[in-house]
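In: the sequence and its predicted three-dimensional model are supplied below.
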Amino acid sequence: MNTDLLVPLLAAAIQSGTPILFATLGEILTEKSGVLNLGVEGIMIVGALAAFVCAKLTGNPLLAFALAGVAGMVIAAGHGVVCLWFLGNQVVSGLALTIFGLGLADYLGTPLIGQTAPGFGKLSIPGLGALPILGPIFFQQDLLVYLSVGVVPLLWAFLNKTRWGLNLRAVGEHPEAAAAAGIDVLRYRWAGVLGGGFLVGLGGAYLSLAYTHLWTSGLTAGRGWIAVALVIFAFWRPGRALLGAYLFGGVMAFQLRLQAIGTHVPSSLLLMLPYALTVIVLVFASWKSRQANAPAALGINIEPQD
Amino acid sequence: MLSIHAYKRQEPLQWSSGLILLGAVALSLGASALLLKLHGKPALGGISILFSGAFGSLWAIEDCLIKAIPIFLCSLGVAIAFRLQIWNIGAEGQFALGAIGATWAALSFPEMAWYGLLPLMAVAAFLLGGLWGLIPALLKLHMRANEIIVTLMMNYIAILLLDYLVYGRWKDPLSFGFPMTPEFSPAAIVGKIGTTNLNWGLVVCLVTALMIWVFFRYTRLGFEFQAAGENVRASRYAGLPYRRLVCLAMLLSGAFAGWAGFLEASATINRLQPSIMVGYGYTAIVVAWLARLNPLTIGLASFLLAALRVGVENLQLDLQVPAAFGGIMEGMILLTVLAGGFFMEYGLRLRRSP
């Protein structure tokens, strides 16, 4: 394949991988605190809608982007209330949140279908953007792509190098021991849920502000679930999440290209690719890692002490 | 200073589960009324349309029962897997595969008499739906792949497979380009009961539920299911064939959802088309949890959530409220019931803090 085809494809891979990257990083943060939040798909689409509406009303995409994070936090707080306060089953609560979020975004978004909103355009980095091949792939993206890449080392440093991050991980691994060491366990779990919800909401905003600029029903199309799978693929490490997200972005961009140039393969079969790949990647990651990297107390609620 | 303090009850409060459900529905209705109000629609009027639309006439109640059939069957299947703590989120895809299997039989043997064709369609739906459930079970047991994600991804794949078939291979040449198969031959259509609008699928549902109830209550294998679900490790030490139980559970789980797809294609739309996928498989998860996995209560809960769908359809017609309103309510009811479950295990008391 020549570079004329490959370069735009790789650039598009990064673009379609970015929303998944935000969501995967968010879910890593939540799961590291020991909370399994399967509501990613629902949180993401509410974030996308909040960003879209805000951008349309204010014309300020940056404000819209931040608001999507807040909207994500608000929806994720529902999971926190049910699981952290009322000890509800985390798997079922996350599913309920997805059903709720998809319903809410569809309900509020129906009048907006087909409308456009101002979003982010390409931003070439001076100097680097002019590089051959690498420039168009990495350095002529929109602002949010650079931001998402910046979150990767930040999250890594937070989880591994700061006291708060280490405490959060302790709560996810062994809440009783953490509580005995004087850590306010619930507070860290709340931080994990809300912080994760914020990042997932940002992932949704990317879809409506930078990926499409257009509101359609079912905008997320399973990307939230792919993010949940990628957390396992990434062994709960932010760096591997970057790799996984761009891999999926690549497959999505590739199948879109194939549809656009009009192959004989029906589009419904091409659309299956990312979902089939998720299963394959998950199977191999699980087989290899034997789940050893999963936080030990993931999905287990903390009972109130007498 | 007084503070609220939770304490664990000696015995879970069994009788409170009905009350919790009632409270959850009331709370969700209240929040939905607020949502309608914010949207500039009459709040109380909307809720009353919701109720009268679902229960206001014999025709409406029939419609609720018809919609309850696929939800009931999917939910029975989901509950079997949930009992073993296997999170089968794939009823939607298993439903699609069942519909595909039944359609294959109906289109391949258009000349066959009904007493041969209907059982063949049921078997095809059972096998394909069951296969779609078995694959994630095998991947979980042999490769430790998380079944939640695998079943969910297989939903997307199943729906796209259905699209592929009705847009391509199985498309009716006389459909003016609409994605649908030709109408089934009369022998491939599950008939109506007497002069009602209800089809015999309702009886299939009730018999299946009764059989599952008997199975869990009175058979050895059913008992093994219960035991394995309550404690995986202990059941392994006790020599229960855990792997085989998981495979059987997922096979049946998928097969029942497959039957729902078969009945929906055959009895309700009389052909296969993309509009057959309306999310019954996801509603089934809500139902299974609301009914606390009990096969008989699942019947009642299926009827209630089917009634919600019928009520929302009326809301859509009368007040132009988007159909997604139903999803919002389903999600809220499930979230509030989950939270309410706390009060079965825990009580609250006021305590003077130092």
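Out: Now that the structure is in, tell me what you want to look at.
In: got the residues of the stretch 51-200 of chain A near chain B?
Out: A:78, A:81-82, A:85-89, A:91-93, A:95-107, A:110 (CB under 8 Å from any CB of the partner chain). In this view, the C-beta of every residue, glycine as well, is placed from N, C-alpha and C.
In: hmm, 10 Å instead?
Out: Counting by CB under 10 Å from any CB of the partner chain, the positions of the stretch 51-200 of chain A adjacent to chain B are A:78-79, A:81-83, A:85-111.
In: now do the helices in the stretch 151-300 of chain B.
Out: Shown for the stretch 151-300 of chain B, the helices assigned by DSSP state H, counting those that start in this stretch span residues B:201-218, B:220-230, B:232-237, B:242-263, B:280-290, B:295-319.
In: tell me how many other residues crowd the nearest residue to residue B:193 once chain neighbours are set aside.
Out: Leaving aside its chain neighbours, residue B:193 sits nearest to residue B:200 (6.0 Å; criterion: CB to CB, 6 or more residues apart in numbering or on different chains). Here the number of neighbours of residue B:200 (other CB atoms under 10 Å in any protein chain shown) works out to 15.
In: so residue B:200 touches residue B:267, yeah?
Out: Yes - using CB atoms under 10 Å, residue B:200 is in contact with residue B:267, at 7.6 Å.
In: between those two, which contacts overlap?
Out: B:69, B:190, B:191, B:192 (CB atoms under 10 Å, 6 or more residues apart in numbering or on different chains).
In: can you lay out those as CSV showing pLDDT and distance to residue B:2?
Out: Listed next are those as CSV, based on pLDDT from 0 to 100; distance: CB to CB, whole Å:
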residue, pLDDT, distance to residue B:2
B:69, 95, 52
B:190, 90, 62
B:191, 85, 65
B:192, 87, 62
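In: hang on, the earlier thing: from the residues of the stretch 51-200 of chain A next to chain B, which land in strands?
Out: Judged by DSSP state E, strands contain none of these.
In: among these, the buried ones, what's the PyMOL command?
Out: The PyMOL command for the buried members of those (criterion: 16 or more other CB atoms under 10 Å in any protein chain shown) is given here:
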select buried, chain A and resi 78+79+81+82+83+86+87+88+89+90+91+92+93+94+95+96+97+98+99+100+101+102+103+104+105+106+107+108+109+110
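In: which ones among the residues of the stretch 51-200 of chain A next to chain B lie within helices?
Out: Taking DSSP state H as the definition of helices, these contribute A:78-79, A:90-109.
In: just how off-centre is the biggest helix by length in chain A within its chain?
Out: Secondary structure of chain A per DSSP H: the longest helix is helix A:3-32. Distance of helix A:3-32 from the chain centroid (CA atoms, centre = their mean, to the nearest Å) equals 9 Å.
In: near chain B, anything from that helix?
Out: No - remark: helix A:3-32 sits outside contact range of chain B, by CB under 10 Å from any CB, the gap being at least 11.7 Å.
In: please point out which parts of that helix sit buried.
Out: Going by neighbour count (16+ other CB under 10 Å), the buried part of helix A:3-32 is A:7, A:9-32.
In: pLDDT averaged over that helix, what's the number?
Out: Confidence for helix A:3-32, expressed as mean pLDDT, is 93.
In: following that helix, which helix or strand comes up?
Out: With elements assigned by DSSP states H and E, the helix or strand that comes after helix A:3-32 is helix A:40-58.
In: before we move on, which element is residue B:347 in?
Out: Assigned by DSSP H and E, residue B:347 falls within strand B:346-352.
In: in that strand, what's buried?
Out: So, applying 16+ other CB under 10 Å, buried residues of strand B:346-352: residue B:346.
In: stretch B:175-195 too?
Out: B:179, B:180, B:181, B:182, B:184, B:185, B:187, B:188, B:189, B:190.
In: ends of it, how far apart?
Out: 30 Å (CA to CA, to the nearest Å).
In: re the thing from before, dump the shared contacts of residue B:200 and residue B:267 to CSV, plus distance to residue B:105.
Out: Shown next, in CSV, are these (distance: CB to CB, whole Å):
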residue, distance to residue B:105
B:69, 20
B:190, 13
B:191, 17
B:192, 21
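In: next, format those as JSON lines and append distance to chain A.
Out: Formatted as JSON lines, the shared contacts of residue B:200 and residue B:267 follow (distance: CB to the nearest CB, whole Å):
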{"residue": "B:69", "distance to chain A": "21"}
{"residue": "B:190", "distance to chain A": "28"}
{"residue": "B:191", "distance to chain A": "33"}
{"residue": "B:192", "distance to chain A": "32"}
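In: greatest separation within the residues you listed: which pair is it?
Out: Using CB to CB, the shared contacts of residue B:200 and residue B:267 span at most 13.8 Å, a distance reached by B:69 and B:191.
In: what touches both of the two?
Out: B:199, B:200, B:201, B:267.
In: give me the phi and psi for residue B:183.
Out: The phi and psi values for residue B:183, taken as degrees, to the nearest 10, are phi -70, psi 140.
In: please report how far it lies from chain A.
Out: The spacing between residue B:183 and chain A, counted by CB to the nearest CB, to the nearest Å, is 22 Å.
In: how about residue B:130?
Out: Using CB to the nearest CB, residue B:130 is found at 18 Å from chain A.
In: that residue: which element?
Out: Going by DSSP H and E, residue B:130 is part of helix B:114-143.
In: for that helix, name the packing helices and strands.
Out: When contacts are defined as 3 or more CB pairs under 10 Å, 6 or more residues apart in numbering or on different chains; DSSP states H and E, helix B:114-143 sits against helix A:267-289, helix B:58-83, helix B:91-108, helix B:147-167, helix B:242-263.
In: where does pLDDT dip in chain B?
Out: B:1, B:353-354 (pLDDT under 70).
In: report the central residue of it.
Out: Nearest to the geometric centre of chain B sits residue B:284, at 2.0 Å (CA atoms, centre = their mean).
In: isn't that one up against residue B:257?
Out: Yes - the pair residue B:284 and residue B:257 passes the contact test of CB under 10 Å, sitting 7.4 Å apart.
In: coming back round to it: give me the helices and strands touching the longest helix of chain A, please.
Out: helix A:40-58, helix A:61-80, helix A:143-161, helix A:163-173, helix A:185-206, helix A:223-233, helix A:238-261.
In: tell me the buried residues in the third one?
Out: When you say that, I think you mean helix A:143-161. For helix A:143-161, a neighbour-count test (16+ other CB under 10 Å) marks A:144, A:145, A:148, A:151, A:152, A:155, A:156, A:158, A:159 as buried.
In: the fourth one now?
Out: Neighbour-count burial for helix A:163-173 flags A:165, A:167, A:168, A:169, A:170, A:171, A:172, A:173 (criterion: 16+ other CB under 10 Å).
In: what helices or strands is it leaning on?
Out: Counting by 3+ CB pairs under 10 Å, 6+ apart, helix A:163-173 packs on helix A:3-32, helix A:143-161, helix A:175-180, helix A:185-206.
In: which residues touch the closest residue to residue B:76 other than its chain neighbours?
Out: Spatially, and ignoring its direct neighbours in sequence, residue B:76 is nearest to residue B:256 (5.2 Å; CB to CB, 6+ apart). Residue B:256 sits next to B:72-80, B:91, B:94-95, B:98, B:125-126, B:129-130, B:133, B:204-205, B:208-209, B:212, B:284 when contact means CB under 10 Å, 6+ apart.
In: do residue A:279 as well
Out: A:229, B:135, B:136, B:139, B:145, B:149, B:150, B:151, B:152, B:153, B:154, B:157.
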